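Colleague: Provided below are the primary sequence and the corresponding predicted coordinates.
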Amino acid sequence: MAREKSVFACRECGGETPRWQGQCPHCQAWNTLVEFRTQGTKPSRQGHAGLALAPAAAIRHLADVEAESWQRWPSGLAEFDRVLGGGFVPGSVVLLGGDPGIGKSTLLLQALAYMGETCPVLYVTGEESAEQVAERARRLQLSRAALALLAETRLESILEVVARHAPQLVVIDSIQTLYSDALEAAPGSVSQVRECAARLTRMAKAGGPVVVLVGHVTKEGTLAGPRVLEHMVDTVLYFEGDGSSSYRLVRAIKNRFGAVNELGVFGMTESGLREVSNPSALFLSRHANPVPGSCTTVTLEGSRPLAVEIQALLDDSASGIPRRLTVGLEQNRLALLLAVLHRHGGISCGSQDVFVNAVAGVRIAEPAADLAILLALVSSLRNRPLPSDWVVFGEVGLAGEVRPVQRGQERLREAAKLGFGVALMPRANAPRQAPEGIRVLPVERVEEAIQSWREGS
Ligand code: TYD
Ligand code: MG
């Protein structure tokens, strides 16, 4: 019998510490550590499917291992497949996290209805009754005949049903409602969530079905968030979207079978989630007339170039300490750009409140948007719009240089495809021959970029 050991895990980030502390040493959140005992998981390991008795694996040389190209099961939603890396991979475990009410159950129900047509699938609901799920499926006009449903929260019963019916895909909605007999802790506690996820993962890896775990992001309270499971699963997807808009983004945070930062875009409608196959159109607010403080850039979301409008607003500061606020962009990056603008562009915003926003709730983490932010700032300060058919990208360095960005050609092609007429971009990225319909203005320095705009508009 293993010695009972107490470990403390953070509800927010899943990090572990041997001792209780007020603050999580991993993510610095306060009062998020909860105790769980590791000994309780021992009997279940042996108890489940006799895995502990499986013969030890033999050493193989990498050269002898066939590099397989993964078989993929399409979900019926191309945007969802994109974030998965091309569809579900047999034997994999996918975690779908997101705020309550964002659309996780809706998305998975739609995918299951499609996949159920060709292979056996199982939807395990611990949150809603079978009637509620049936009602939703009816409202979504899904073919209900193919959907096998199990309203159950006891892990052992679920494993038994799966073993008996051998579905190829199992959705657990949600992992926070499950409990295992092996533990005394309450459903939703870190130890229950981990134990249930670990055993479902083992089942998937032992030739079982694809397992999709739904995890609610919890703000405060006693429920363990999906982050405590990220290290266990193959693919981590997060469902994002702000309450005010009907657009929903599914983002891959981790993917053993595909690229990370891949983005799927959906719109929530009366009849469920609809794919948005041309998301660039979404992140551009088409103004009837050009407006000051607006500049379009092309950012990369995973492998996909995406045109996004950056908006800046500068206003005389009423207080002694001017505000600097960003939405969807990094605050530090803005401070850096304001300093570059002052030193190298000779333009001071010291007495101004500065607000910068990436339109439609998109988040930009890469520096390629620098030059667009900079021009949006100048445009707002001077109250002079940039021409509406301009697109701008490039990283800005502290010396005032405009540095090349990754995959500049693809960004340029996306801009041309969307009908932009002029691309202000790093000289190092400029092609010999621009795509049809777009003119390239290559620049090396921020002064030059501002000058090009003066001359070009
Ligand atoms: P849901 O999938 O239940 O969210 P989650 O499983 O992530 O908690 O989505 C619920 C929300 O979506 C709810 O507020 C209503 C809305 N919705 C629609 O707008 N249209 C629809 O067709 C459906 C099914 C839901
Ligand atoms: Mg739900």
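Modeller: Okay, I see it. Ligands and ions are numbered 1, 2, ... in the order given.

Colleague: What ranges does the stretch 51-200 of the chain have for its strands?
Modeller: Here the stretch 51-200 of the chain has its strands, by DSSP state E, counting those that start in this stretch, at 93-98, 121-125, 148-151, 169-173.

Colleague: would TSV of the ones you listed with distance to ligand 1 and mean neighbour count be doable?
Modeller: For the C-beta atoms, the positions are set from N, CA and C on the backbone; glycine is no exception. Formatted as TSV, these follow (distance: least, CB to the nearest ligand atom, whole Å; neighbours: other CB atoms under 10 Å):
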stretch	distance to ligand 1	mean neighbour count
strand 93-98	5	25
strand 121-125	10	24
strand 148-151	15	17
strand 169-173	7	26
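
Colleague: And the ones you listed: which comes nearest Thr299?
Modeller: strand 93-98 (22.0 Å; CB to CB).

Colleague: So which elements touch that closest one?
Modeller: helix 104-115, helix 190-205, strand 210-216, strand 235-240 (3 or more CB pairs under 8 Å, 6 or more residues apart in numbering; DSSP states H and E).

Colleague: picking that back up, how about the strands of the stretch 51-200 of the chain in TSV, adding mean pLDDT?
Modeller: TSV is the format used below for the strands of the stretch 51-200 of the chain (pLDDT from 0 to 100):
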stretch	mean pLDDT
strand 93-98	94
strand 121-125	96
strand 148-151	94
strand 169-173	96
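
Colleague: Switch those strands over to a markdown table; also include distance to Ala78.
Modeller: Below are those laid out as a markdown table (distance: least, CB to CB, whole Å):
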| stretch | distance to Ala78 |
| --- | --- |
| strand 93-98 | 17 |
| strand 121-125 | 19 |
| strand 148-151 | 25 |
| strand 169-173 | 18 |
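
Colleague: Run a quick neighbour tally on the closest residue to Leu336 other than its chain neighbours.
Modeller: Closest residue to Leu336 apart from its sequence neighbours, by CB to CB, 6 or more residues apart in numbering: Leu398 at 7.1 Å. Other residues near Leu398 come to 10 when the count uses other CB atoms under 10 Å.

Colleague: Equivalent analysis for Pro100, please.
Modeller: Going by other CB under 10 Å, the residues that sit close to Pro100 add up to 12.

Colleague: what pLDDT, on average, does stretch 12-29 get?
Modeller: For stretch 12-29, mean pLDDT rounds to 85.

Colleague: Domain-wise, how is this structure divided?
Modeller: Using automatic domain parsing, the domain parsing of the chain gives 1-39, 78-277, 281-456.

Colleague: out of the ones you listed, nearest to Asp64?
Modeller: domain 78-277 (20.7 Å).

Colleague: With just CA atoms, put the host helix or strand of Ala252 into CSV.
Modeller: Assigned by DSSP states H and E, Ala252 belongs to strand 247-255. Taking C-alpha atoms only, strand 247-255 is exported to CSV below (Å, rounded to 0.1, in the frame of the first residue of the first chain):
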residue,chain,number,x,y,z
TYR,A,247,-19.0,35.5,-32.6
ARG,A,248,-17.2,32.6,-31.0
LEU,A,249,-13.6,31.6,-31.4
VAL,A,250,-12.2,28.2,-30.7
ARG,A,251,-8.5,28.3,-30.2
ALA,A,252,-6.0,25.5,-29.9
ILE,A,253,-3.7,26.1,-27.0
LYS,A,254,-1.9,22.7,-27.1
ASN,A,255,-2.1,20.1,-29.8
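
Colleague: Give me the buried positions along that strand.
Modeller: The neighbour-count check on strand 247-255 (16 or more other CB atoms under 10 Å) flags Tyr247, Arg248, Leu249, Val250, Arg251, Ala252, Ile253, Asn255 as buried.

Colleague: what's the closest non-adjacent residue to Arg154?
Modeller: Tyr179 (6.4 Å).

Colleague: tally of neighbours for the one you found?
Modeller: Tyr179 has 22 nearby residues by other CB under 10 Å.

Colleague: Same check on Gly346?
Modeller: Using other CB under 10 Å, Gly346 is surrounded by 9 other residues.

Colleague: From Ile438, how far off is the residue nearest to Arg154?
Modeller: In this view, Tyr179 and Ile438 are 58 Å apart by CB to CB, to the nearest Å.

Colleague: cool, and Ser388?
Modeller: 14 Å.

Colleague: Could you do Leu169 as well?
Modeller: In terms of CB to CB, Leu169 sits 44 Å off from Ile438.

Colleague: still on that earlier bit, and the strand holding Ala252 with ligand 1, contact?
Modeller: No: shown here: strand 247-255 not in contact with ligand 1 (CB under 6 Å from any ligand atom), separated by at least 9.1 Å.

Colleague: which neighbours does that strand have in its sheet, and in what orientation?
Modeller: Using DSSP bridges, the strands paired with strand 247-255 in its sheet are strand 235-240 (antiparallel), strand 263-269 (antiparallel).

Colleague: Thanks a lot, catch you later.
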